[in-house]
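1. just a sequence and a predicted model for now, questions to come.
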Amino acid sequence: MDDVLDINSLSHEMDELTSFLLKDENTRSLNTEKKEFSENVQFKLDSYMTAVKLNEKIVPADIIERRKKLPIYTKKNELMNAIVNNHVLIIIGETGSGKTTQLPQYLKEVGLTITGRIGCTQLRRMAVKSVTKRVAQEQGCNIGEEVGYTIRFEDMTSEKTEIQYMTDGILLRECTYDKMLSNYSAVILDESHERTIDTDILLAVLKWIIRKRNDLKLIISSATLDSVKFSNYFDGATVFNISGRMFPVNIIYNPFQLYDYERSAAKTVIMINEQKERGDILVFLTGEDDIETLSDYLNYEYKPSSLHYNLKIIPVYSALPWEQQALIFEPAKKNERKVIIATNIAETSLTVDGIRYVIDSGYVKQKVYNPKKDMEVLTKVRVSQAQAIQRTGRAGRVGPGVCYRLYSQSQFDLFPSAPIPEIKRTSLTNTVLLLKKIGFINLNDIDFLDAPPTDAINFALTELELFEAIDKTGHITEIGIKMASFPLEPNLAKMLIISEVLGCTEEILTIVALLSVSNIFFRPKKKQKLADKAKSNFFTNNGDLIMMMNVYNQWHQTSQDKNWCHENFINHRMLLEANSIREQLLDIMKSRKMKLKSSFSDMTPVLKSICAGFFQNVAKKKPYLANRKKYDYITLPSNEVVFIHPGSCMHKVLPAWVVYQKVVTTSKEFMRGITPIDCSWLIEMAPSFNLQI
Ligand SMILES: Nc1ncnc2c1ncn2[C@@H]1O[C@H](COP(=O)(O)OP(=O)(O)OP(=O)(O)O)[C@@H](O)[C@H]1O
């Protein structure tokens with residue numbers, strides 16, 4: 001903390017200066033030493049006054065100085081004028097130029113926090129949290145005071161909050177209960193280039209809002225945006241360019257055709273460690289599998305010599321709990337080099353101190369939805385040029401950097417310029433429910449930047465009708481309104497609502513909370529047999545979801561014992577997270593006057609509620625055929641062949657009818673999260689579901 005202005009030492013130095021000045025004028029000679037002394041105090045005084053002026057709070061002097069060095073600062077006045085004079089502004093500035101951290105603060109200086117909050121959306125929770133931390137430091141406050149954030153199941157804002165960072169999903173949800181976004185005087189949609197479904201829907205909703213609210217400023221910002229397309233969409237909105245970046249980044253392409261990016265990434269990490277000067281490394285891969293494989297290799301197979309740094313490996317992907325993800329911000333020790341191996345979770349808005357080298361595999365996992373099968377599959381695809389530029393931009397933020405692209409320049413030239421908008425490749429059921437809740441009865445009235453496929457919209461409408469969330473005329477029903485009030489996928493919300501009718505909200509609340517976190521079972525590569533054995537102790541004939549509920553209940557009986565989790569290969573952090581989500585859902589239930597009831601040892605109402613949420617994921621066992629020597633299932637009505645996952649507690653039980661949470665494709669199409677049902681429940685729980693049993 002030695003760069004923080006210390007008021008005590010400052011006032012001591014002031015006293016010394018004063019007594020120095022009071023000495024006999026004639027004897028006072030301004031020799032160099034004294035001059036330096038007085039300049040030093042003057043500098044500290046200036047910094048202190050700037051800090052005081054900024055927020056009447058103490059802001060570290062170096063932070064004030066660093067803000068002034070950002071490329072965006074050179075255009076500050078022009079930018080503030082543009083903000084004042086435009087209703088909608090599109091801002092394009094290189095990665096690291098200062099958009100995410102500075103724009104909300106400039107809007108505040110313009111006076112926009114007098115009439116409301118400044119909301120700034122980010123694509124990922126990690127970016128929201130880390131950017132808020134930085135801006136709170138720059139404003140000299142604690143997180144949750146003048147600068148706060150909101151992500152799903154975590155609200156760190158207060159009455160005092162003027163600048164609020166949040167995920168785009170949170171702002172969209174806010175439109176469902178405040179459709180004019182009346183709390184905000186300005187909204188910044190940051191990183192809009194990635195075209196997540198929530199960003200696209202927000203663009204459409206905000207386009208509609210600003211026609212009715214002259215006082216709301218809308219700013220769209222990114223480093224890599226098709227500015228012409230966005231400007232045309234907003235009726236010729238002004239585009240403001242910010243050139244320059246903090247520090248240079250040298251891009252090095254791989255001249256060879258790349259077949260094995262994992263191997264190539266490993267080689268590049270080792271080459272950097274053995275040949276390049278100090279600096280941490282950020283590697284972009286695609287998901288848990290390749291990240292864990294590379295982590296294992298670098299942890300256990302690679303042995304750096306005493307001449308080189310030890311590697312501190314930090315895997316980062318969304319299934320990991322926040323505490324583990326936050327390790328990326330911890331500095332490496334003197335003899336260490338930090339190697340962060342991440343998915344695109346670390347691609348936008350992040351500044352990680354110490355990162356000097358970025359390695360880009362050129363691949364990303366993308367969700368692809370097939371409305372005919374109602375299945376979402378994660379597929380490995382090439383990144384777009386915009387994403388590659390964002391990845392490169394994680395270097396050069398706190399010092400000069402190098403980006404190793406594991407592909408050739410000519411391959412890069414063939415990458416699509418931007419990702420395919422998510423709205424064109426994802427299930428729309430949740431989105432359509434939110435749009436209905438906001439008040440869009442006819443979806444054709446919505447002016448989308450890129451319209452979603454008609455098939456996907458029709459499928460979403462049919463599914464919502466089956467959930468009884470909308471009626472035949474397309475209007476939202478009471479059930480739909482209730483469903484939209486939970487920050488959950490429609491099927492989980494429906495389960496919760498039905499469980500009240502069936503008298504088992506206690507049980508379903510736990511199941512829904514557990515389904516909202518990642519896998520609660522650990523299966524470390526080196527102890528798979530032990531982990532499978534431990535899991536089998538929890539097996540029940542009532543299926544995987546009830547098994548998870550039993551684990552949660554037993555954990556509570558041990559007073560949430562961490563050791564118990566360790567012994568049983570259970571992820572303690574995930575249970576804690578589920579516990580906190582359960583409490584928040586319970587609050588929403590209470591606010592909606594829903595009753596908490598238990599069915600105790602009777603599991604039928606619980607199974608029926610699960611069926612009410614997952615009826616569209618139903619599969620029937622095919623007759624046993626000796627020559628096939630296996631049992632397979634067939635989904636209805638789509639007639640796809642699927643199998644019970646070997647990790648499921650239904651693997652040997654083989655019920656005649658099941659509903660499943662999802663299908664994952666590895667060697668085969670496996671159902672996961674399986675619950676046995678009685679087929680007559682389908683008619684009871686989803687009467688309009690047209691199934692030829
Ligand atoms: N947590 C931090 N620690 C140190 N410096 C930071 C931190 N956050 C931001 N900075 C500095 O501020 C600069 C601007 O960051 P900011 O996120 O505002 O840029 P940006 O233009 O939004 O970049 P991007 O398009 O990559 O999101 C960074 O390059 C870095 O120098």
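-> Yep, it's here.

2. once you drop chain neighbours, what's closest to the closest residue to the ligand within the stretch 551-693 of the chain?
-> Per CB to the nearest ligand atom, residue 573 is where the stretch 551-693 of the chain lies closest to the ligand, at 24.2 Å. (Glycine included, C-beta is placed from N, CA and C.) Distances taken as CB to CB, 6 or more residues apart in numbering put residue 321 closest to residue 573, at 4.2 Å, once the chain neighbours are dropped.

3. show me what contacts the one you found?
-> 518, 571, 573-574, 577 (CB atoms under 8 Å, 6 or more residues apart in numbering).

4. output the contacting helices and strands for the helix or strand hosting the residue of the stretch 551-693 of the chain closest to the ligand.
-> Here residue 573, judged by DSSP states H and E, is contained in helix 572-591. Where contact means 3 or more CB pairs under 8 Å, 6 or more residues apart in numbering; DSSP states H and E, helix 572-591 is packed against helix 505-515, helix 544-557, helix 562-567.

5. now do it and helix 544-557, the angle between them.
-> 100 degrees (axes from the mean of the first three to the mean of the last three CA atoms, to 10 degrees).

6. for helix 572-591, buried residues please.
-> Residues of helix 572-591 classed as buried under the neighbour-count rule (16 or more other CB atoms under 10 Å) are 572-579, 581-582, 584-586, 588-589.

7. ok, stretch 427-447 next?
-> 427-438, 440, 443, 446.

8. to which secondary structure element is residue 451 assigned?
-> Using DSSP H and E, no helix or strand contains residue 451.

9. so which residues on this structure come close to the ligand?
-> 70, 93, 95-102, 134, 223, 246, 348-349, 351, 353, 393, 397-398 (CB under 6 Å from any ligand atom).

10. ok, then the element right after the one helix or strand residue 404 maps to?
-> Element membership of residue 404, judged by DSSP H and E, is strand 401-405. Later in the chain than strand 401-405, the nearest helix or strand by DSSP H and E is helix 409-414.

11. would you tell me what the next helix or strand after that following helix is?
-> Once the chain leaves helix 409-414, the next helix or strand it forms, by DSSP H and E, is helix 429-438.

12. let's see the helix or strand hosting residue 493 as PDB, backbone CA atoms only.
-> Per DSSP H and E, residue 493 falls inside helix 490-502. Extracted C-alpha coordinates of helix 490-502, given in PDB (Å, rounded to 0.1, in the frame of the first residue of the first chain):
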ATOM      1  CA  PRO A 490     -38.700 -21.900 -17.500                       C
ATOM      2  CA  ASN A 491     -38.700 -25.600 -16.800                       C
ATOM      3  CA  LEU A 492     -37.200 -25.200 -13.300                       C
ATOM      4  CA  ALA A 493     -39.500 -22.300 -12.500                       C
ATOM      5  CA  LYS A 494     -42.500 -24.500 -13.600                       C
ATOM      6  CA  MET A 495     -41.300 -27.400 -11.300                       C
ATOM      7  CA  LEU A 496     -41.200 -25.000  -8.400                       C
ATOM      8  CA  ILE A 497     -44.700 -23.700  -9.100                       C
ATOM      9  CA  ILE A 498     -46.200 -27.200  -9.500                       C
ATOM     10  CA  SER A 499     -44.500 -28.400  -6.300                       C
ATOM     11  CA  GLU A 500     -46.600 -25.900  -4.300                       C
ATOM     12  CA  VAL A 501     -49.700 -27.500  -5.600                       C
ATOM     13  CA  LEU A 502     -48.400 -31.000  -4.900                       C
END
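
13. buried ones in that helix?
-> Those would be 490-500, 502, for helix 490-502 by 16+ other CB under 10 Å.

14. and the residue nearest to residue 573, its phi and psi?
-> When read as degrees, to the nearest 10, the backbone of residue 321 gives phi -70, psi 160.

15. ok, residues contacting stretch 645-653?
-> 521, 523, 532, 535-536, 538-541, 543-544, 547, 644, 658, 664, 670-674, 676.

16. at 10 Å what do you get?
-> 519, 521, 523, 531-532, 535-536, 538-548, 631, 643-644, 658, 660, 663-664, 666, 668-676 (CB atoms under 10 Å, 6 or more residues apart in numbering).

17. just the buried members of those?
-> Buried members of those, counted by 16+ other CB under 10 Å: 521, 531, 535, 538-539, 542-548, 643-644, 658, 660, 663, 669-671, 673-676.

18. pick out the residue nearest the middle of the protein.
-> The centroid of the chain falls nearest to residue 124 when counting by CA atoms, centre = their mean (2.6 Å).

19. I'd say that one and residue 322 touch.
-> No - using CB atoms under 10 Å as the test, residue 124 is too far from residue 322 to be in contact (11.6 Å).

20. what do those two both touch?
-> With CB under 10 Å, 6+ apart, residue 124 and residue 322 have common neighbours residue 151.

21. please identify which of the helices and strands packed on helix 572-591 is closest to residue 420.
-> helix 505-515 (27.9 Å; CB to CB).

22. tell me what the closest one is packed against?
-> helix 490-502, helix 544-557, helix 572-591, helix 604-614, strand 669-676 (3 or more CB pairs under 10 Å, 6 or more residues apart in numbering; DSSP states H and E).

23. how about the ones you listed in CSV, adding mean pLDDT?
-> Below are the helices and strands packed on helix 505-515 laid out as CSV (pLDDT from 0 to 100):
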stretch, mean pLDDT
helix 490-502, 96
helix 544-557, 97
helix 572-591, 92
helix 604-614, 97
strand 669-676, 94
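
24. any idea how far the helix holding residue 573 is from the chain center?
-> 19 Å (CA atoms, centre = their mean, to the nearest Å).

25. repeat that for stretch 291-303.
-> 26 Å.

26. which of the residues of the chain next to the ligand count as buried?
-> Using 16+ other CB under 10 Å, the buried ones in these are 70, 93, 95-102, 223, 246, 348-349, 351, 393, 397-398.

27. please save the CA atoms from the helix or strand hosting residue 90 in PDB.
-> Residue 90 is part of strand 88-93 when elements are defined by DSSP H and E. Output in PDB follows, covering the C-alpha atoms of strand 88-93 (Å, rounded to 0.1, in the frame of the first residue of the first chain):
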ATOM      1  CA  VAL A  88     -27.400   7.100 -28.700                       C
ATOM      2  CA  LEU A  89     -23.600   6.900 -29.100                       C
ATOM      3  CA  ILE A  90     -21.500   4.000 -30.500                       C
ATOM      4  CA  ILE A  91     -18.000   4.000 -29.200                       C
ATOM      5  CA  ILE A  92     -15.200   2.000 -30.800                       C
ATOM      6  CA  GLY A  93     -11.900   1.900 -29.000                       C
END
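
28. cool, thanks, signing off.
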